[in-house]
Structures are given as C-alpha cells and as structure tokens.
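Novice: kindly return the folded structure for what I paste below:
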Amino acid sequence: MQGGGLRVSSDDLVIAMGDGGIDWSRSQVNGNIHVLGLEVVDTDGRRYAIERFDCEVALGSRADGALAFSTVFLQRGEPVLAAGQFSFVGIIEKRRMALDRVRLDGQLDITGFPISAATDAVDMGAQDVRSLAAELVGRLMDVSVIADAESGEIVMSVTGDRLTGSARAEFAGGDLRVLSAEFESVVGPEVIEQIRMRSAQAAGKTEPTGVRFIKPARVEFEVGEFGVLDGWAFAPSGSPSVKLTASGNVEGVRMERAGEVVGSGAIGVAPLVIEGDVPIGSILGGESAQASLAVSGAFVSGDVPVAMITGGIDVGFVAGEIDGPMRADLKIAGLDCGQVDEIAHFDGIVAGIVGGRLGVDLSVTGQMTGGEVSEFAGELSIKSPRLRTQSPIRIKSDTESVWLLEPAVVEWQIETGTATHRLLAQPVGAERIYSVLPIDAVLRVDELRLSRKQGVFAPGVFALRGMLEAPTVRVRVPGESGDDPAGKLHGYSGLSLGVVGDASRIEIAGRAMPDDGRAEPLVLDVDITGFADADGWPSFGLLSTSVDLKTMDSPTALFDALLNQNGLMTEVVGPSMSLEIHGSELRAESGVLRVDFVGTRATGRMVGRMFDGRFIATEPAELVVSVVRPELGRYLSEAVPAIGTITKTADDGPAVLTVNTLEVPLLRDTQLSRMQGLVVEAVVDIGTARFETSSAFGELMNVAGQRAEGGLGHKIEPIFLTVNSGNLSYPRATIPFGEFTIESEGNFRLTDGYIDIVTFVPMAALSEEALGSLKTGVLSAIGRQFPGFESATMVPWRTRGLPGNRTTMPDVEMLLENVGDAINPLNLIEQGLESVQDLVIDGGGD
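Specialist: Predicted coordinates for the structure are as follows:
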C-alpha cells in the first residue's frame, strides 16, 4: 500500500456490553470510510490505483446490517467503476450477531473490469494465458450481482465483448450453493486477425503471424448444482453435471516439413461436446466420488468431415487425489486419411500407408492409487483398407511392468506406389526401381515386456520376440537387360525379418529367397548389445553392433535407394551386384567393417575400423569400373567443366579409383556436419576414354570433331583428389582433346555444389569466336613482340558458381602470371598499351 489518504468517521456509535460481550440489541454503529488516491500492490506485483472509495456501514438494534459503497480504481491502466448496496437481513437476533441466520439482499455492479491491458500482445503459443483469454472473452467485462433475501437467491450476470453468461446460487446463514451456470463466447475471424497483427508487431514484423480462424468459434459451458460454503467455511460438495460444447475452424498451425516451416490446412470441430459429472466435493474437498465424462463430436476441415470421435473416462477421487477404479475408451470412426495428408502436408503418406479411411478403437481399465496408475489392462483395434489388426491387441500392467497378454498380429497390404516411393524412396517420375505387385506383409509380436519401475530395458524384465513376413516381393529395374523391354523383374519369396531380444542383446535375422532358382538367399544378421545402462534406461555410450549382409545378383537400384545415392551407385556399379558386408562389434571407438561387391560394371573393396565416431579405412580402398556410360560421365563433368560426357567400353580397360585415405564421420547430427568432416585422399585413373566437350567449352574450342560420339579414345593421366572440410580439390591435371591438350585444376564444394575450376586451353585451340571476343589489339601487340606467343600460351578460363548459375570467363590475372616471366612490361608500354586489364572478354559463357 502506497500514498493516498484514509478517513474513518462515525456520527452514531453506541456499544452496549452484556454478560457475554456486546449486546447488539442495545448497540448501534453508523460509520463512513473514505479513501482517496491510494495504490495497492498484491502478492503477484499487480497494482491497483484507488482513485476514490466511499463506504457507509450501519449495524445495530434499529435495522438490519447495511453496507453501501462506490469506488473508482485503475486496473492495468483501465478505469473500473464499482458500486453496491446490501442488507444483511436477520443479522441481529436476541442480543447476538446471528451469522448462521443472515440473508443477503441488494445489488453489486462492476463496470469495465479489464481481463488484460488493451496494448498487451498475445503469444499464440499460450505463453500469456491472461492476454489470450482476454482476446477470446473480451478485454472488458461488466458484472452484476443481485441478491434477494426473501427467496435466498443470488443471480450473477456477466457481459463482455464476446462473453455472456449468468450463474444462479442460493445463500442463507453462511451456506452458499451454486444452482446453475451458463456461459457462451463467440469469437469471429476478425478477432484472431487482431491477435495475429499484435503478435507480429510485438515481434517487429509487418505481416500477421499465427493461426487463423476461418469461421467463428463458439464455446458454450454449462454447470449444475454444487456447494461452496457451509456455515461460512469453504466446503465444496456435490458432483455437478457439466457440459462443454465447442466449434470452430483454424488454419496456419506451424509445422515443419522437409526443413521448412509451413502452416497447416483447415482443421476444426463441428461441434465437440464433453459432458458428464465432476465431483467437486472430492476434487476440492474431502468427499469420495467418481468423475464421469463423455466426449463426442466431429472433426472437420472447413465444411468437409474428417472423422467422428466418441469416448469417455471414469475415474475416482478421494479427498483431492485420484484414487480407485478407472476406465477410459476412445473410438475414431471414418478418419479421412486423404484429408489428414492435405491438412498436415504429408504428401499422401498417411493415405498411402493405411488407405482412404481409418478406424481406431481403444479401451483401458485399471486402478489408480495415490494419483498414479497401479495396474491397468487395455485393448487396441485398428481397421482400414490396408492396415488392420487381426484381433484386438491386448496388454496388461502391474506396478513392475507392462506386457502383451497374447500375440499381436498386424496385417499391412503395401500398395505399389507406397512401396516404390516410400519404402524404396524413389522420386516420382524418375524411378530407378519400382514395386510391381502389392506386398502383403504381416507383423507378429509374440512377446513384449517393458519395465515400469526402472528403464524400459530393465534386466530380468525386458523381453522382445517378433517377426515381419511377406510371402512375395516383386520389383522391376527399368532399362536393365532382360526379356521385358520395361526392364528386368526381380522377385523374392519367403521374406522374413525376425527379432529376439532381452536386456543384454537384440538379435535381428532377415532372409529372402530369389525366385530365379539361385541357391543362395539374401541373408542379414544383426547383433546389438550395450543399448541400455544397468537400470534399463537407453544409453548409446556402450552401443555395439555386429552385422553380416550377403546378397547375390541383386538390383543395385535397391541399395542405391536405401543409401540415397540418387542413381550414382547404379551408374557406377551397373544394374545388378553381389554384395557382402561384415561388421564386427562396431562402436564409436572400435570395431572393424569390410565391404566387398561385384557388379555388372564395377567391383570394389573397402576395409576399415571405427575410432572417435569415425570410420577410418585401414587399407587403400579400390573401385574398378569396366564400363563408363555417358550418364556416369556427366557426374564427372561436375569437377571438370570442359568435359561434357565420358564413355568407356570394356575394351578400353578399366577406370580405377584408389582411395588411400578415407575418414567418414558417422556420429554427427546433420548431413552437413558429416560432409564437412569427410576426409579423402584418392587417385582417379580413368585410363583410355572417349569424351565430348561441354556446351560452354564447345563454343570456345576448335575441337568440333571431338564432340562426335565414338571418336578416338584418349588416355587421361591420373587425377589426384583431396576432400577436406567439405571441399573437393585437385591439382593441375592434363586431358587430351584431339591434337590439343588442356589442363584443369580447382575446387568443388560438396555441401552446396559451388565450383571454382580453372581450365587451361591452348590459345591455338580457341575457336574464332573465342579469339574474336578477346581484344585483338592486345594479342597483336604481344604476338609482334614475342613470336610464337599464341602457339605456346595456355589461356586460363575460370568456371565459378552454384548449380544453375555458373559462368565461364577468361582469368586475365592468371594469364599474365603465366606469361609474365617472358614478357617485359616496358615493351608493352612502348606498344602504347594503356593497361594489362585490356585482356578481358566481352561476354560470358555458360
């Protein structure tokens, strides 16, 4: 309390004493209280500036007790007016103050009470609940309370910008009982736009941010009878009926998709109803009763139905704690999976996995003790065109663990599009492998037990045994040799993936038999240890994995997709490959990994170990490629811009990549950090090959004859590559083009594709167009001074930029450095040259 003035006065004060104290039948108190300019601060730091407060009090033998007051105060910068007058009927009885028989009569009016200041910005993430409530209910509220002594009824009316409602209660002799209450709030889209604009302004933005209401939102709340006071003591009692009805549609809920933040589509309820009985006497008081609530409603997207939901919960309360039996159930019917994809921007994933409509049925029964679930049993059923449970999945729990009561079986029909684009990760319209038949998969979990008392993998508790099976899998590789022009068909039968585990070890075994009669199946064995600490909590510090994979003559595109190589692996290795991978006790600090493969067009081998979260090759890794098609040559041209494509046949001899140093960081958070930590030292020996110039250098060089496919093969000298800190670089290397030889050196940034490559082209190999773009006066002057200059000079052309925005220009500074030792600057001056910067090109290449 700060400042201001206080005056208390009385013009009629009589206090008569009796045997037991004050004799109110002979006493009289009439007084006045006047407050001016006083500031009060509550325990939360909120300030109330009382500009004026006047109060009259009358109590004694000549009348019932009476209280009249009026005040003006400031709350959060808003002026609030309050005035009231009440009579306390029957407060005096036979000399004593009879509070147990008093009845209330009168009225109280409060005008302009602010829920929140008008200038407050609302955080739609619910960081400021008071401001958000103010927007949804209204900034200002008027409250009126009318008490009738004869009936004992009290009626409270609330009116806000968007909230209206009333409550009825009974009061007599210190007993207060709420009879009923009804409130309604309607929020239009324009209100939410105001919220969004203020939020944007608070963040320094000009455009509105946050969710948008596309239809008015309506909330209705009803509550039945319950007790509040008993003989002036706070004593909540009863289990009033409650009903909450809500409807509305919003859009623009923030979500992240593919690294970008997007806004959701429209989602809402029309309406959602929650109703039942709430034991206020048990939650806030000392009674024992059960809460029972039911929920029902429809989820919609705009005017389109999405799903119907029904359910309920029954739970006991004893003296403010949840205790006793509990039951809950939830049923989702007709969930439109296509609408879910559209709302959440899932690009058809949900509908592709489960089908057009999904139904879910969940029920749980159990026992609550001291606010916690001591035991429970539950059932879950899923039904959709593609994903369904054969029978309800039944689980049970005690205080120690939760476990499956019987085997759980889930059937999943994987349609061809989902198998191709989701499981095999093939881009739409550029598939390198695709499923040709639906896959009828069955997941069976025979045993599952998880710990509740400790970590889920607690020793002696955790157990897992299950199997994923698919009788037939058929994939086709387009363009692969075979009888079908559409590509070769690969089939596998009896595909199975089993898992068995306890707290010390998880074993995974996969098998699939090729349909073409080959004896050897695809085999996968994985052994995992050290995945939990001594108490069963997940821990990866001691995680160890051993893996063995063996496959014969399998489609390379399958591994290309699984490793996200975007077709590069298929182009290098060929359409099919035999692969063996052996990893022994792979940890962040130890373990050995060996990879051997033989493909249609290439073979390779790599051996290494783990150290400090990195795979380090312990001997040179080698890749031998017997055939290079133009498609693979285009990958190589990224590092050597002068080359458009490279081709090699088996008769030309192999191309060999020897990696002398290889360090691959595996335990990094992002793909970018893994790329930046990659270390490679390698030699590329392409050998004899046929190649074409790129479009940019085709216009610069006089080698049109070399652009014809099937030209004479040329041997390229080995190229030394280094990768470090996300950058690939190579020193000056020579490449023969017909009667000429060009040279190239530079850097390629692996993280974003930016290149800075210099290509040295003999001046004699430049086309007339390229020579014409250089200023002939300079060339003529140098040529007259230095005979043989043009035939001996290599002109550097620098290619720079990101993919799609690269330019090729002559590098004049480097050119002068190359010939500077032979050119005397005084001679250039004598020729009247104004500046060496005259050596520039008028236009750029692509």
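Novice: so what does the helix or strand T570 falls within touch, helix or strand wise?
Specialist: Assigned by DSSP states H and E, T570 belongs to helix 568-573. Under the contact criterion of 3 or more CB pairs under 8 Å, 6 or more residues apart in numbering; DSSP states H and E, helix 568-573 touches helix 556-562, strand 592-599, strand 602-611, helix 630-636. Just so you know, the C-beta spots here come from the backbone N, C-alpha and C atoms, and that holds for glycine as well.
Novice: switch to 7 Å and redo it
Specialist: On a contact count with 3 or more CB pairs under 7 Å, 6 or more residues apart in numbering; DSSP states H and E, helix 568-573 meets helix 556-562, helix 630-636.
Novice: what comes into contact with that helix?
Specialist: 432, 556-557, 559-560, 563, 597, 599-602, 625, 629, 631-632, 635 (CB atoms under 7 Å, 6 or more residues apart in numbering).
Novice: selection in PyMOL covering whichever of those are buried, please.
Specialist: Command for PyMOL that selects the buried part of the contacts of helix 568-573, burial taken from 16 or more other CB atoms under 10 Å:
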select buried, resi 432+556+557+559+560+597+599+600+601+602+625+629+632+635
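Novice: in a helix, F540, correct?
Specialist: No. Using DSSP: H, G, I helix; E, B strand; the rest coil, the assignment for F540 is coil, not a helix.
Novice: that one: neighbouring residues, count only.
Specialist: 11 (other CB atoms under 10 Å).
Novice: just give me the residue right at the centre of this protein.
Specialist: E256 (4.7 Å; CA atoms, centre = their mean).
Novice: which parts of stretch 447-458 are buried?
Specialist: Going by neighbour count (16+ other CB under 10 Å), the buried part of stretch 447-458 is L448, R449, L450, S451, R452, Q454, G455, V456, F457, A458.
Novice: just the helices in the stretch 651-800 of the chain please.
Specialist: 671-676, 695-698, 768-773, 776-785, 789-792 (DSSP state H, counting those that start in this stretch).
Novice: max-length helix in the protein?
Specialist: helix 189-202 (DSSP state H).
Novice: what's the next secondary structure element after it?
Specialist: strand 212-223.
Novice: can you list the strands that that following strand pairs with?
Specialist: As defined by DSSP bridges, the strand partners of strand 212-223 come to strand 175-187 (antiparallel), strand 241-251 (antiparallel).
Novice: run the angle between that strand and helix 189-202 for me.
Specialist: Interaxial angle of strand 212-223 relative to helix 189-202 (axes from the mean of the first three to the mean of the last three CA atoms, to 10 degrees): 110 degrees.
Novice: can you pull the buried residues of strand 212-223?
Specialist: For strand 212-223, a neighbour-count test (16+ other CB under 10 Å) marks R212, F213, I214, K215, P216, A217, V219, E220, F221, E222, V223 as buried.
Novice: got TSV for the residues you listed, with distance to M577 and pLDDT too?
Specialist: Below are the buried residues of strand 212-223 laid out as TSV (distance: CB to CB, whole Å; pLDDT from 0 to 100):
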residue	distance to M577	pLDDT
R212	52	79
F213	56	79
I214	53	81
K215	57	79
P216	62	82
A217	59	85
V219	62	90
E220	66	94
F221	66	95
E222	69	97
V223	70	97
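Novice: would you mind measuring from S27 to A217?
Specialist: Using CB to CB, to the nearest Å, S27 is found at 57 Å from A217.
Novice: what of S25?
Specialist: In terms of CB to CB, S25 sits 58 Å off from A217.
Novice: ok, E585 next?
Specialist: To A217, E585 is 59 Å away according to CB to CB.
Novice: could you do S87 as well?
Specialist: To A217, S87 is 42 Å away according to CB to CB.
Novice: also G138?
Specialist: To A217, G138 is 14 Å away according to CB to CB.
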